[in-house]
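A.B. asks: the sequence isn't on hand, but the structure is:
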């Protein structure tokens with residue numbers, strides 16, 4: 001299914017490159033330029049047929065094979081044109097160098113004719129391949145379709161991880177039944193009592209468990225409540241680590257099992273504990289017995305709630321009989337459907353659509369996820385034809401078993417624009433239960449060329465956020481929330497299964513010791529993938545045209561860095577994410593000229609960033625966060641002309657060259673303990689929108705030139721002990737400002753009252769802070785104010801009676817020490 005989706009997206013990417021000004025300026029022989037024109041003409045003709053080919057390919061294997069051939073030649077064309085783009089960028093980057101470097105560049109021009117000749121031969125070969133494949137299109141009788149349609153989406157307010165009662169329809173009795181089981185005072189002889197909630201995917205087991213978990217009676221009844229998402233990885237040591245983290249916030253990955261058990265016993269001993277293990281798959285009774293022994297010291301009345309699709313899991317783990325969750329009754333299904341398909345009360349204006357909706361809901365068989373997804377799909381559509389297309393779709397004829405993709409999800413996916421289909425399917429590169437970061441997703445989509453811009457001045461990041469919001473509005477994302485680093489979310493297991501299903505030909509999620517590698521894969525995620533095995537490390541090299549490699553905690557073979565081999569073999573990579581990589585980075589990283597996204601975060605051994613990194617002129621995102629041993633950035637940053645996102649941890653006292661990154665949108669300086677100052681020429685970062693400075697104890701001031709950063713909208717200052725904000729007067733266009741852990745801060749700077757565009761202000765762990773500036777009352781656009789762990793300031797901001805209350809009374813939403821204050825409850 002991914003064949004046609006990726007084909008159309010990559011075809012559009014190639015066309016955009018063929019039409020770019022940068023490409024037309026490249027010096028090529030006349031024959032090569034003519035080949036490019038013919039390539040563009042053929043590609044445009046074929047692209048117009050791809051949407052019709054997509055619809056027909058499900059029933060025509062020959063057509064699917066034709067699309068597959070097209071996709072492969074499109075990919076090769078994109079790689080070739082990307083090399084041409086790189087040559088242009090290289091010339092632009094070198095023009096920023098010293099006079100000596102410019103002279104060397106000029107002297108090397110003698111190499112260009114041979115390079116152009118070789119490139120011309122490659123272009124001709126690609127053009128001939130495309131001509132041969134395109135010639136076969138006549139046999140399929142395909143029609144031209146418009147692929148440039150616009151999309152609209154349902155705007156939503158930001159939600160939080162807890163579940164509101166109004167968001168859960170039809171589960172009141174189930175909630176009361178489970179609460180009754182939790183409150184029972186009987187004592188299970190072998191320790192903790194286990195209540196399994198069993199049901200097929202999409203019924204709402206997790207939502208129901210959260211509903212119960214946050215119930216006021218339950219909160220009051222238990223001394224300690226713990227929530228752990230397990231999914232397919234039921235390992236006793238990992239569970240112990242996750243339970244400890246849920247209880248204390250501590251990540252203890254390096255402890256042995258004995259020490260973990262001691263630590264866990266201290267947390268749970270003699271306490272009445274409620275532990276929820278969400279989404280259990282393992283039917284290994286031995287692991288369950290081992291895990292249960294860790295909980296033997298809990299207090300009387302402790303309960304363990306398990307959610308699972310498997311009756312076998314329930315029988316192995318349960319001490320009570322299983323609680324089987326069933327589909328919603330029809331009237332509750334209709335209530336849920338109407339909530340998602342219409343604005344409040346709007347359904348009364350469309351009785352004919354409600355009638356069609358009755359038929360659609362019956363086909364969903366009581367599964368809330370299916371109902372919510374189709375309701376989201378039909379939201380804002382008032383044409384009867386749109387509703388009838390869903391009701392009468394052939395997708396409903398697919399046989400449905402517990403392990404199949406829900407037809408309702410396939411229907412919703414099928415109605416996505418092609419450029420959103422590839423964005424959604426790419427999400428399967430992450431494992432189940434992954435916490436997605438919207439900003440990271442957008443960066444990855446940009447790196448792969450998935451984001452389409454119709455206007456030259458339109459920011460790709462803005463379009464990417466629109467893509468994310470659209471997928472969220474269609475219920476492809478859930479549990480959307482926000483933390484200090486931005487928007488986060490998760491994906492339902494069944495939706496993740498759908499993403500894996502539609503991307504299976506291009507994308508692989510490899511675990512453990514898999515040797516079954518397809519050489520045609522373009523994207524690979526290596527989770528717990530043990531490359532210390534020689535056969536395994538060789539098998540991945542079959543996929544030479546990979547564009548993505550993502551892995552955590554890479555296990556390697558021998559002393560020779562596998563990354564050296566990868567830099568030679570995987571020359572088409574756009575994304576390379578090696579978080580927690582434990583070896584030095586080789587100079588050969590500079591060979592990856594297509595690279596857009598590079599993540600070496602949490603590499604605690606890397607001391608120097610190779611000079612060759614500056615040759616990656618197409619690089620958009622670079623993360624060196626928590627690289628605590630990094631002594632210097634030996635590369636010349638002035639050559640990284642496309643870098644938009646930069647996260648950095650370093651031992652350096654100064655950051656020479658940072659001011660040259662004038663494409664930068666987001667800069668995060670984290671745990672730079674020796675950093676004394678930022679470059680004086682910071683005003684050159686004219687596109688900077690977000691700046692985060694955290695855990696930089698030596699930084700005492702910010703350069704005055706930063707007041708000229710007119711596009712800066714989001715500023716985070718956290719644990720920068722010496723920083724004096726009072727000295728600085730700037731940031732007039734800020735929309736979000738976060739101040740955290742500034743122990744020297746007694747009063748907020750007066751210039752804060754001049755931030756006329758400020759919408760959100762968060763202040764936390766500034767214990768001596770005693771007042772707000774007088775100008776706060778003039779911040780008319782301030783919608784949200786959060787104050788945490790600032791005892792004096794919190795007291796002064798108390799509703800009606802606090803000395804500073806009048807300064808903030810106009811703010812729509814105020815949080816004081818975790819309690820939400822609104823006009824309705826401020827009296």
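C.D. replies: Great, that's in hand. Model, not experiment: these values are computed from the prediction.

A.B. asks: surely residue 720 is within a strand?
C.D. replies: No: applying DSSP: H, G, I helix; E, B strand; the rest coil, one finds residue 720 to be coil, outside a strand.

A.B. asks: my guess is it contacts residue 692. True?
C.D. replies: No: counting by Cβ atoms under 8 Å, residue 720 stays clear of residue 692, with 10.6 Å between them. Every C-beta, even on glycine, is put in place using the N, C-alpha and C of the backbone.

A.B. asks: neighbour-wise, which of these two wins?
C.D. replies: residue 720 (25 against 18; other Cβ atoms under 10 Å).

A.B. asks: now do the more buried one against residue 232, distance only.
C.D. replies: 41 Å (Cβ to Cβ, to the nearest Å).

A.B. asks: what about stretch 743-758, how long is it end to end?
C.D. replies: End-to-end distance for stretch 743-758: 24 Å, by Cα to Cα, to the nearest Å.

A.B. asks: what residues sit buried inside it?
C.D. replies: The neighbour-count check on stretch 743-758 (16 or more other Cβ atoms under 10 Å) flags 745, 748-749, 751-755, 758 as buried.

A.B. asks: residue 307: which of these is nearest?
C.D. replies: Nearest to residue 307 among these is residue 758, at 42.0 Å by Cβ to Cβ.

A.B. asks: surely the closest one is in contact with residue 778?
C.D. replies: No: assessed by Cβ under 8 Å, residue 758 is found out of contact with residue 778, at 10.4 Å.

A.B. asks: which secondary element of this protein has the worst mean pLDDT?
C.D. replies: Using mean pLDDT, DSSP states H and E, helix 99-107 stands out as the lowest-scoring helix or strand of the chain, at a mean of 42.

A.B. asks: neighbouring contacts of the helix or strand following that one?
C.D. replies: Tracing the chain past helix 99-107, the next element assigned as helix or strand by DSSP states H and E is helix 112-134. Applying Cβ atoms under 8 Å, 6 or more residues apart in numbering, the contact partners of helix 112-134 are 27-29, 31-32, 35-36, 38-39, 42-43, 45-46, 66, 69-70, 73, 76-77, 80, 83-84, 87.

A.B. asks: got the contact list for the next helix or strand after helix 112-134?
C.D. replies: Counting by DSSP H and E, the element after helix 112-134 in chain order, helix or strand, is helix 172-183. For helix 172-183, contacts defined as Cβ under 8 Å, 6+ apart pick out 168, 195, 197, 208, 211-212, 215, 217-218, 221, 274, 303, 305, 320, 323, 325.

A.B. asks: give me the subset of the residues you listed that lies in strands.
C.D. replies: 195, 197, 274, 303, 305, 323 (DSSP state E).

A.B. asks: report the two of those separated the most.
C.D. replies: 274 and 323 (15.2 Å).

A.B. asks: show me where pLDDT drops low in the stretch 251-400 of the chain?
C.D. replies: Applying pLDDT under 70 to the stretch 251-400 of the chain flags the ranges 397-400.

A.B. asks: just the helices in it please.
C.D. replies: 257-268, 285-293, 311-317, 330-341, 351-363, 368-378, 384-391 (DSSP state H, counting those that start in this stretch).

A.B. asks: quick one: closest of those to residue 616.
C.D. replies: Smallest distance to residue 616 across those (Cβ to Cβ): 39.5 Å, for helix 368-378.

A.B. asks: does residue 6 sit in a helix or strand, and which one?
C.D. replies: Per DSSP H and E: helix 2-18 holds residue 6.

A.B. asks: same thing with residue 76?
C.D. replies: Per DSSP H and E: helix 61-94 holds residue 76.

A.B. asks: what packs against that helix?
C.D. replies: With contacts defined as 3 or more Cβ pairs under 8 Å, 6 or more residues apart in numbering; DSSP states H and E, the packing partners of helix 61-94 are helix 2-18, helix 21-24, helix 30-47, helix 50-57, helix 99-107, helix 112-134.

A.B. asks: pick out the shakiest of those, pLDDT-wise.
C.D. replies: Among the helices and strands packed on helix 61-94, helix 99-107 carries the lowest mean pLDDT, at a mean of 42.
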